[in-house]
Structure formats: structure tokens, C-alpha cells
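[1] Fold the stuff below for me.
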Amino acid sequence: MASSKKKLQGLVAATITPMTEHGEINFSVIGQYVDYLVEEQGVKNVFVNGTTGEGLSLSVSERRRVAEEWVTKGRNKLDQVVIHVGALSLKESQELAQHAAEIGADGIAVIAPFFLKPWNKDVLINFLKEVAAAAPALPFYYYHIPAVTGIKIRAEEVLDGIQEKIPTFQGLKFSDTDLLDFGQCVDQNRQRQFAFLFGVDEQLLSALVMGATGAVGSVCCFLFSTYNYLGKKTNQMLEAFEKKDFSSALNHQSHSNHPTQQYCFVFRDLSTLWSN
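    Numbers count the residues shown, from 1 in each chain. Here you go, the predicted structure:
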């Protein structure tokens, strides 16, 4: 069974993989990146090697080293480090899952394989089950992003009975604009205490109304509304929503969806880490 660590909730930054000008991973800045998220943005959970981090464009060895660096540098600073271990190869995904467990990650997530696509729910769940079994002590999250995978199996259908087949299943990263599907995921699983993490930044307030328990933030349509460098602003929205100050929450969402020059400066500040 998965560990009894508290449920993943609140903001989770989908991390960028820093690169040098020669296309090599700049591991040296990840410690500064951790400090920036915690101290400047108030974000203490990360989602590593996902879409924003271009995990599927990295080699297995690169993904392992990136995961190790985040776990090491985040120790005693970050609350949870979740590693995305999805791959087109089942064996590679299992290797990455086992590695995440060995280095002390707090959870793993898996995207559906999207070249030879699973053609129904059972085939998809069988793939996820085999990966989860490689790290039986880690919480497991399904990463639903049909716009990228091209797999149109609804998340609500995947979640139906999933914990009986994957005992370590803890929640869903839902990166889609279909709020009906997301709402049904929440409504049909309220008693299971799953983490419902929304992944479309510009619709987060709507997802909170539908029952989202947190958000994995990456890049919105404007390339600026992301919890890597707007975590502080988004936390203010979450606080307003919790207080039922919906007018303020809406104001924060609107500002996040319409970046100003000051957001460009925030993005510039983050990018300077790469050159240090």
C-alpha cells in the first residue's frame, strides 16, 4: 500500500527542466529553483519531468538525474516531490517508477502511452497497474491530458473502480478543459478522498467550484499564468476562495489570465537562474 503521507493538495509547480545553451541539463540551478519556489512563490510541492519539464523528450538517464536532483535539493524544503514516470515503453516506465521509490520521491504519476494507444479503459488501466506495481510503496497518480495523448477515454471512466486494481492510486492530474468530465470524477469519488489536481491554469477557479483539491500548474495559453512564477498570486486566489470571497478570487483569476509587464519581469527573474 501507498505511504500514509498527507494528501497532495494546494499548488503544485510543474517544473521546467533548465538547459544550458548547449542543450545540456543545467543541474546546478535546481537548488536555487527550489528556493525560488518556496521563498518567492510560496509553492512547496513539485511535479517533475512532466509536460512542462519535457520529460518525454529526455533520455531515461537524464530523467533519473533530474528526479534525483529535485529530491535531494528539495529535502526539508519541499513538502512533496512527485515524479512523472510515464513513457511509451512499459519497461522504461517501470524502471523510472522503481528509481523514484529508491531515491525517496513522494509519489509517481503516469501519462497514458500515446503511440500504440490503449483502445479502451481496461487496456489503459492494465498499463498503469504494471507501472504502479514497480513502486508499491508510493502514491500513484494518473495524468490525464488527452490533448497531448490523443486518447479520448474519459477520466471519469478510468477512475471507476481503479483503486481496486491499483491499491496505491491516490488521485488524478486532470489537464483537460472538459469540466463535465472533471466534475463527474469528483462527484462519483467523494468518499474515496482522492486528490483531484486540476491542470489547466486559466480554468482553475471553475475547477475549484467543481471540487478540485489542488492544482498542478504549468503554462496557460498566454505562457505566463503558471505556478512556477505566479504561485504567490494563485495562492491568494485559493485563500480568497476558501474564505468564500468569490469576487476577489475571480479578480485574481482574471489577472492571472491577462499577463502584464510585471509578469514579464517575474518570468525574467526566474530565467536568470539558468545563467547563474
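
[2] Q236: neighbour count?
    18 (other C-beta atoms under 10 Å). (Glycine included, C-beta is placed from N, CA and C.)

[3] host element of it?
    For Q236, the host element (DSSP states H and E) is helix 231-242.

[4] cool, and D35?
    Using DSSP H and E, D35 falls in helix 30-35.

[5] where do the strands sit along the stretch 101-250 of the chain?
    Applying DSSP state E, counting those that start in this stretch to the stretch 101-250 of the chain gives strands spanning 107-111, 140-144, 169-174, 195-198, 214-217.

[6] Mind listing what's buried along the helix holding D35?
    30-34 (16 or more other C-beta atoms under 10 Å).

[7] could you dump these to TSV with pLDDT?
    Shown next, in TSV, are the buried residues of helix 30-35 (pLDDT from 0 to 100):
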residue	pLDDT
I30	96
G31	96
Q32	96
Y33	96
V34	97
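
[8] Give me the buried positions along stretch 57-65.
    58, 60, 62-64.

[9] Same list (the strands of the stretch 101-250 of the chain) but as TSV, adding mean neighbour count.
    As requested, the strands of the stretch 101-250 of the chain are exported to TSV (neighbours: other C-beta atoms under 10 Å):
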stretch	mean neighbour count
strand 107-111	26
strand 140-144	26
strand 169-174	26
strand 195-198	24
strand 214-217	27
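
[10] what would those strands look like in a markdown table with mean pLDDT and distance to F47?
    Below are these laid out as a markdown table (pLDDT from 0 to 100; distance: least, C-beta to C-beta, whole Å):
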| stretch | mean pLDDT | distance to F47 |
| --- | --- | --- |
| strand 107-111 | 98 | 7 |
| strand 140-144 | 98 | 9 |
| strand 169-174 | 97 | 7 |
| strand 195-198 | 96 | 9 |
| strand 214-217 | 91 | 5 |
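
[11] will you turn the ones you listed into TSV that also has distance to A240?
    Output for the strands of the stretch 101-250 of the chain, formatted as TSV (distance: least, C-beta to C-beta, whole Å):
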stretch	distance to A240
strand 107-111	28
strand 140-144	27
strand 169-174	22
strand 195-198	17
strand 214-217	14
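
[12] Out of these, which is closest to E54?
    strand 107-111 (12.7 Å; C-beta to C-beta).

[13] now that closest one and strand 169-174, what's the angle there?
    50 degrees (axes from the mean of the first three to the mean of the last three C-alpha atoms, to 10 degrees).

[14] Packing partners of strand 107-111?
    When contacts are defined as 3 or more C-beta pairs under 8 Å, 6 or more residues apart in numbering; DSSP states H and E, strand 107-111 packs onto strand 80-84, helix 90-103, helix 121-132, strand 140-144.

[15] at 6 Å what do you get?
    strand 80-84, strand 140-144 (3 or more C-beta pairs under 6 Å, 6 or more residues apart in numbering; DSSP states H and E).

[16] could these go into CSV alongside distance to E156?
    Listed next are these as CSV, based on distance: least, C-beta to C-beta, whole Å:
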stretch, distance to E156
strand 80-84, 22
strand 140-144, 10
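
[17] can you tell which of those is closest to Q236?
    So among the helices and strands packed on strand 107-111, strand 80-84 is nearest, using C-beta to C-beta, at 21.4 Å.

[18] and the closest one, which residues are buried?
    80-84.

[19] Dump those residues to JSON lines, plus pLDDT.
    Putting the buried residues of strand 80-84 into JSON lines (pLDDT from 0 to 100) gives the following:
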{"residue": "Q80", "pLDDT": "97"}
{"residue": "V81", "pLDDT": "98"}
{"residue": "V82", "pLDDT": "98"}
{"residue": "I83", "pLDDT": "98"}
{"residue": "H84", "pLDDT": "98"}
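
[20] Wait, M210 touches Q184, no?
    No - the pair M210 and Q184 fails to qualify as a contact (C-beta atoms under 6 Å) at a distance of 9.4 Å.

[21] what about G74, distance to P18?
    Using C-beta to C-beta, to the nearest Å, G74 is found at 15 Å from P18.

[22] Of all the strands of the stretch 101-250 of the chain, which one is nearest Q98?
    strand 107-111 (9.6 Å).

[23] Quick check, Q253 in contact with L205.
    Yes - using C-beta under 6 Å, Q253 is in contact with L205, at 4.2 Å.

[24] In this structure, where is pLDDT below threshold?
    1-5, 218-225, 258-276 (pLDDT under 70).
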